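Visitor: My questions concern the predicted model and sequence given below.
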Amino acid sequence: MFAPVYLDHNATTPADAAVVDAMLPWLSLQFGNPSSRHEYGRAARRAIDHARRQVAAAVGAQPGEIVFTSGGSEANNLLIKGAAACFKPGILAVGASEHPCVIKPAEQIARRGWTLHRLAVDSEGRIDMDAFAAVMALKPKIVSVMLANNETGVLQEIELLAAMARRAGALFHSDAVQAVGKVAVDFRQLNAAGVQALTLSAHKFGGPKGAAALVMDKRVDLEALIAGGGHERGLRSGTENVAAIVGFGVACELAVQRCAEVAPRLLALRERLEERLLKLGAIVFGRAAERLPNTVFFAFPELDGETVVGQLDRAGYAIASGAACSSANPEPSHVLRAMGVGPDLARGALRVSFGSGNTPEQVNGFLDALQTTVARLRQLTAMAV
Ligand SMILES: Cc1ncc(COP(=O)(O)O)c(C=O)c1O
């Protein structure tokens with residue numbers, strides 16, 4: 001099979017070979033239901049307990065603080081809707097650049113009597129501290145701000161924000177889906193600052209799709225989204241996806257072991273890429289902010305992002321655009337719009353996100369292909385006017 005160079009690790013990552021090996025028995029001979037009282041069941045339960053310890057250890061949490069879910073999207077929905085169900089309607093505040101799986105549930109509860117505030121970000125994508133303080137003065141009940149943005153890679157000052165939210169009496173959640181494996185994530189330290197819940201997702205760091213967790217301070221009250229047999233401390237019923245959870249545990253262990261070695265390599269790739277992008281006339285979004293080491297979000301004025309992605313795909317490079325293509329009419333990225341980027345430039349957005357397998361040679365090859373593509377498209381654009 002023709003295998004293009006994969007530069008889209010914020011979308012998903014290839015599962016590590018050790019992860020696949022660990023999962024396979026749970027898809028064949030070890031098929032027991034973890035709730036069964038015989039040896040098949042007990043073996044599956046032990047595997048889940050082990051994975052729970054691995055996930056907890058990776059983020060400095062206690063095993064009892066891990067609630068397994070089917071994905072980061074479910075974990076974010078569980079936190080927002082589950083917490084809202086335990087309060088009388090009040091104010092809910094979420095970052096304007098959050099992933100849709102935070103924004104949409106927030107909008108859903110806003111239709112049920114809550115007041116939703118979208119926390120403004122500055123031109124680099126960082127939460128605007130004055131605007132944040134103003135919203136905290138209104139005493140919100142739930143606040144959610146992501147640790148790292150999936151499009152720009154911009155990192156938020158989570159401990160500072162959480163401390164402000166705690167002083168306001170709010171429950172503070174952070175979506176850390178893009179952070180694990182790229183920067184250190186320590187729930188104990190975050191929890192001490194005021195973060196009460198954190199979302200993780202296995203497929204963003206070498207684990208399988210369909211396994212994720214809400215890491216949560218046990219003092220937080222949540223109503224389950226999925227009620228039934230009372231799995232996961234009653235917070236998420238349903239027979240556990242044993243193989244995926246086992247893979248999640250192994251991926252966590254590997255991600256933490258490798259982070260210190262991988263992160264500087266990713267950063268070197270990012271710097272190599274950005275240096276040449278700027279020379280080619282690209283605008284790099286969030287460049288002045290602290291960012292994930294693996295992510296570059298950029299645009300060439302006048303060029304359409306989707307077109308560039310298509311041409312690079314044909315040239316053998318898999319990257320992402322910044323458009324949320326949910327319909328025939330791709331909307332420009334809401335993250336860039338929140339940062340004050342105009343719709344025309346936002347439609348040009350392109351995202352490269354590196355993974356541990358990428359090399360400097362691949363980046364050079366990509367840059368050559370990009371340079372050729374940009375020159376060709378610029379020529380076509382010039383001819384059209
Ligand atoms: C920041 C962020 N949060 C949540 C999610 C959703 O995670 P999942 O794909 O596991 O549902 C994603 C996935 O793209 C993400 O980037």
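Guide: That came in fine, so what should we check first?
Visitor: Going by C-alpha atoms from here, please, whenever you check contacts or count neighbours.
Guide: Noted.
Visitor: from memory residue 273 sits against residue 367, does it?
Guide: Yes: Residue 273 is within contact range of residue 367, at 7.3 Å (criterion: C-alpha atoms under 8 Å).
Visitor: And the pLDDT at residue 322?
Guide: At residue 322, the pLDDT value in this model is 83.
Visitor: so who does the closest residue to residue 341 other than its chain neighbours touch?
Guide: Spatial nearest neighbour of residue 341, excluding adjacent residues (C-alpha to C-alpha, 6 or more residues apart in numbering): residue 123 at 7.8 Å. Residues counted as contacts of residue 123 (C-alpha atoms under 8 Å, 6 or more residues apart in numbering) are 286, 339-341.
Visitor: give me the element residue 123 is part of.
Guide: Using DSSP states H and E, residue 123 maps to neither a helix nor a strand.
Visitor: State the phi and psi torsions of it.
Guide: The phi/psi pair for residue 123 (degrees, to the nearest 10) reads phi -70, psi -10.
Visitor: Please tell me how far it sits from residue 343.
Guide: Separation of residue 123 from residue 343 (C-alpha to C-alpha, to the nearest Å): 14 Å.
Visitor: What mean pLDDT does the helix ranked longest in the chain get?
Guide: As assigned by DSSP state H, the longest helix anywhere in the chain is helix 242-279. For helix 242-279, the mean pLDDT works out to 97.
Visitor: who does it touch, helix- and strand-wise?
Guide: Applying 3 or more C-alpha pairs under 8 Å, 6 or more residues apart in numbering; DSSP states H and E, one finds that helix 242-279 contacts helix 17-23, helix 39-58, strand 283-284, strand 295-299, helix 360-384.
Visitor: is it possible to export the contacts of residue 123 to a markdown table including secondary structure and pLDDT?
Guide: What follows is the contacts of residue 123, written out as a markdown table (DSSP: H, G, I helix; E, B strand; the rest coil; pLDDT from 0 to 100):
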| residue | secondary structure | pLDDT |
| --- | --- | --- |
| 286 | coil | 98 |
| 339 | coil | 98 |
| 340 | coil | 98 |
| 341 | coil | 98 |
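Visitor: Report the buried members of the residues you listed.
Guide: 286, 339, 341 (16 or more other C-alpha atoms under 10 Å).
Visitor: Next up, phi/psi of the first one, please.
Guide: By that I understand residue 286. Here residue 286 shows phi and psi, under degrees, to the nearest 10, equal to phi 70, psi 20.
Visitor: Please name the residues that touch it.
Guide: Residue 286 touches 123-125, 152, 154, 297, counting by C-alpha under 8 Å, 6+ apart.
Visitor: could you measure it against residue 126, distance?
Guide: From residue 286 over to residue 126 (counting by C-alpha to C-alpha), the distance is 8 Å.
Visitor: what is in contact with these two at once?
Guide: residue 154.
Visitor: Alongside the ligand, which residues does the stretch 1-150 of the chain contribute?
Guide: Taking C-alpha under 6 Å from any ligand atom as the contact definition, the stretch 1-150 of the chain meets the ligand at 11, 71-73, 99, 149-150.
Visitor: Sitting in helices, which of those residues do you find?
Guide: Counting by DSSP H, those contribute 72-73 to helices.
Visitor: Report the beta-bridge partners for residue 291.
Guide: With DSSP bridges applied, residue 291 shows beta-bridge pairing to residue 154.
Visitor: Return the distance of it relative to the ligand.
Guide: With the distance defined as C-alpha to the nearest ligand atom, to the nearest Å, residue 291 ends up 13 Å from the ligand.
Visitor: wait, doesn't that residue sit right on residue 150?
Guide: No: look at residue 291 against residue 150 with C-alpha under 8 Å: they stay out of range, at 10.4 Å.
Visitor: Can you pick out the residue with more neighbours from these two?
Guide: Higher neighbour count among residue 291 and residue 150: residue 150, with 25 against 19, using other C-alpha atoms under 10 Å.
Visitor: if we can go back for a sec, got the angle for the longest helix of the chain vs strand 295-299?
Guide: Calculated by axes from the mean of the first three to the mean of the last three C-alpha atoms, to 10 degrees, helix 242-279 forms an angle of 50 degrees with strand 295-299.
Visitor: Buried residues in helix 242-279, which are they?
Guide: 242-256, 259, 262-263, 265-267, 269-270, 273-274, 277.
Visitor: what's the answer for stretch 33-41, then?
Guide: Buried residues in stretch 33-41 (16+ other C-alpha under 10 Å): 33-34, 40-41.
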